[in-house]
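K.L.:
The amino acid sequence is not available; the structure is as follows:
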């Protein structure tokens, strides 16, 4: 399980250091790579990255789905078709493919944000907007009542 939020810089070659805490999770599971793909949250582009064991679960969700289901087909084309397998190098870096960097508008400063089963990679100014929006919504009792998680 991934946890935490980390700020890193992308180098001129498109490489970024994977946070040590995330590398530890991968190593514990015996993985040396991630599957990284395009995603949107709150209308803003970001990248989702999965350990191979979690990526297999994502892909398995499409097994047995109706071939003619337009929404499922489009999402699979977008999400699964957009995925790239990236190696974690000996220095703990990943190379983000140019198309994915462009899609997520990644500049020099990026934010790694954990979700329980995956990592999101954001352009830091974009992520700051998303985080501010979340903080504002968390002050709204009606919004909080819609969250289906007990604390």
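P.N.:
Structure received. For clarity, every value in this text was computed on a predicted model and none was experimentally measured. Numbers count the residues shown, from 1 in each chain.
K.L.:
If you average the pLDDT over stretch 121-135, what comes out?
P.N.:
Averaged across stretch 121-135, the pLDDT comes to 94.
K.L.:
Run through who's touching it.
P.N.:
7, 16, 36, 41-42, 44-47, 49, 96, 104-107, 109-113 (CB atoms under 8 Å, 6 or more residues apart in numbering). Every residue, glycine included, has its C-beta placed from N, CA and C.
K.L.:
Tell me the buried residues in that stretch?
P.N.:
121-124, 126-127, 130 (16 or more other CB atoms under 10 Å).
K.L.:
and these as TSV, adding secondary structure and distance to residue 69?
P.N.:
TSV is the format used below for those (DSSP: H, G, I helix; E, B strand; the rest coil; distance: CB to CB, whole Å):
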residue	secondary structure	distance to residue 69
121	strand	29
122	strand	30
123	strand	32
124	helix	37
126	helix	31
127	helix	32
130	helix	30
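K.L.:
Which ones among the contacts of stretch 121-135 lie within strands?
P.N.:
7, 16, 36, 41, 44-47, 49, 109-113 (DSSP state E).
K.L.:
and which of these is nearest to residue 91?
P.N.:
Of all these, residue 16 has the smallest distance to residue 91: 10.9 Å, by CB to CB.
K.L.:
Tell me who's in contact with the residue nearest to the closest one when sequence neighbours are not counted.
P.N.:
Residue nearest to residue 16 in three dimensions, not counting chain neighbours: residue 10, with 4.8 Å by CB to CB, 6 or more residues apart in numbering. By CB under 8 Å, 6+ apart, residue 10 lies in contact with 16, 96, 101, 106-110.
K.L.:
returning to that earlier point: of the ones in strands among the contacts of stretch 121-135, just the buried ones, ChimeraX syntax please.
P.N.:
Restricted to buried positions by 16+ other CB under 10 Å, the ChimeraX selection for the ones in strands among the contacts of stretch 121-135 reads:
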select :16,36,44,45,46,47,49,110,111,112,113
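K.L.:
Cool, thanks, talk later.
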